[in-house]
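1. any chance you can model this:
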Amino acid sequence: MSNDIKIKKRKNCPLCNAENSEISILMHDNWELVECSECSFVYMPEVPVYEMMKEEFAWEKNFSPSKDIKLSKKIRRSIKGLIKRNKLLFLLDKYIKEGQVLDIGCGSGIKFDDIPQKFIPFGIDISEKSAFEAKTNFEKRGGTAICAPATDVLKEYGKNKFKGAILRSYLEHEHHPFEVLDELKETLTSDGSIIIKVPNYASVNRSVRGKNWCGYRFPDHVNQFTPFTLTKMVKKAGYKIIKFNYLDKQITSDNMWMVAQPI
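-> Now for the predicted structure:
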């Protein structure tokens with residue numbers, strides 16, 4: 001860990017709020033991953049402050065594709081990305097229907113290129129570059145995007161604003177995942193739904209690949225969810241689970257998708 005990186009200590013478990021309950025399970029470049037002895041939630045107790053997440057560890061700076069990737073791999077990646085976008089579209093159509101949708105961790109907003117005009121996109125992203133691109137894209141459709149931690153802006157939206165929310169590849173990055181879910185609930189309409197996608201820490205692939213598992217991304221993946229801990233957090237925040245696919249159609253899948261609604 002570089003001495004220039006500013007860190008924040010999470011003293012309590014993000015799920016059960018237990019203090020001093022961590023059991024160390026993995027170290028990577030001086031970043032530690034621990035498991036809570038009370039509820040089994042896996043997380044990083046020390047995380048980069050939000051300002052570092054915005055600049056030093058922004059996705060577009062740290063995970064850009066390598067230029068020497070073979071064409072066949074690029075094609076497979078494109079096909080895989082298309083399948084994921086289609087899955088999101090299917091879930092939106094089935095569980096949200098139409099209206100204003102909040103995308104937390106929206107990135108550049110490119111996923112809305114494939115989503116029908118009946119959805120009006122609003123976004124939040126920690127990266128200044130991504131949030132600016134999303135704002136430009138979303139304003140063309142009557143929405144907008146903001147660069148800020150989600151916990152800073154959710155209350156500003158007020159109650160009953162959104163028909164749905166997308167949290168795709170987001171909760172694993174969030175310092176305060178329970179607080180976001182809790183505050184997000186207030187911004188949803190009574191029939192609103194949230195769509196969650198996170199890496200599955202209990203996946204077969206993680207057991208097989210060990211430290212080389214694709215779900216390990218230090219230091220920006222600060223939370224690791226299993227089907228049990230994701231279910232527990234979502235229910236604790238006041239939602240009922242409508243659909244939960246933690247194998248994502250394949251036993252070797254690294255991800256899980258969930259649809260939930262406020263109780």
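2. so what's the residue count around residue 26?
-> 16 (other CB atoms under 10 Å). C-betas here are computed from N, CA, C, even on glycine.
3. and it, which helix or strand is it part of?
-> Applying DSSP states H and E as the criterion places residue 26 in strand 22-28.
4. can you list the strands that the helix or strand that comes right after that strand pairs with?
-> Helices and strands here follow DSSP H and E; after strand 22-28, the next one along the chain is strand 31-36. Paired neighbours of strand 31-36 in the sheet (DSSP bridges): strand 22-28 (antiparallel), strand 42-43 (antiparallel).
5. pick the most deeply packed of the ones you listed.
-> strand 42-43 (a mean of 22; mean count of other CB atoms under 10 Å).
6. how far off centre is that one?
-> 14 Å (CA atoms, centre = their mean, to the nearest Å).
7. can you give me the helices for the stretch 101-250 of the chain?
-> 128-139, 150-153, 177-187, 204-209, 227-236 (DSSP state H, counting those that start in this stretch).
8. CA-only coordinates of the third one in PDB, if you can.
-> In other words, helix 177-187. Extracted in PDB, the C-alpha atoms of helix 177-187 (Å, rounded to 0.1, in the frame of the first residue of the first chain):
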ATOM      1  CA  PRO A 177     -23.800  -0.600   1.500                       C
ATOM      2  CA  PHE A 178     -26.500  -1.000   4.100                       C
ATOM      3  CA  GLU A 179     -27.000   2.700   4.500                       C
ATOM      4  CA  VAL A 180     -27.400   3.100   0.700                       C
ATOM      5  CA  LEU A 181     -30.000   0.400   0.500                       C
ATOM      6  CA  ASP A 182     -31.800   1.900   3.500                       C
ATOM      7  CA  GLU A 183     -31.900   5.500   2.100                       C
ATOM      8  CA  LEU A 184     -32.600   4.300  -1.500                       C
ATOM      9  CA  LYS A 185     -35.800   2.700  -0.200                       C
ATOM     10  CA  GLU A 186     -37.300   6.100   0.600                       C
ATOM     11  CA  THR A 187     -36.800   7.400  -3.000                       C
END
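9. contacts for that helix, please.
-> 14-15, 102, 104, 150-151, 154-155, 157-162, 165, 171, 174, 194, 223, 233-234, 236-239, 262 (CB atoms under 8 Å, 6 or more residues apart in numbering).
10. for residue 195, what are its contacts?
-> Contacts for residue 195 (CB under 8 Å, 6+ apart) come out as 88, 91-92, 95-96, 164-168, 257-259.
11. could you list the low-confidence segments of this structure?
-> Applying pLDDT under 70 to the chain flags residues 1-4, 50-85, 247-250.
12. which of the contacts of helix 177-187 are buried?
-> 14-15, 102, 104, 150-151, 154, 157, 162, 165, 171, 174, 194, 223, 233-234, 237, 239, 262 (16 or more other CB atoms under 10 Å).
13. hmm, back to that, for residue 40, find the nearest of the helices of the stretch 101-250 of the chain.
-> helix 227-236 (6.4 Å; CB to CB).
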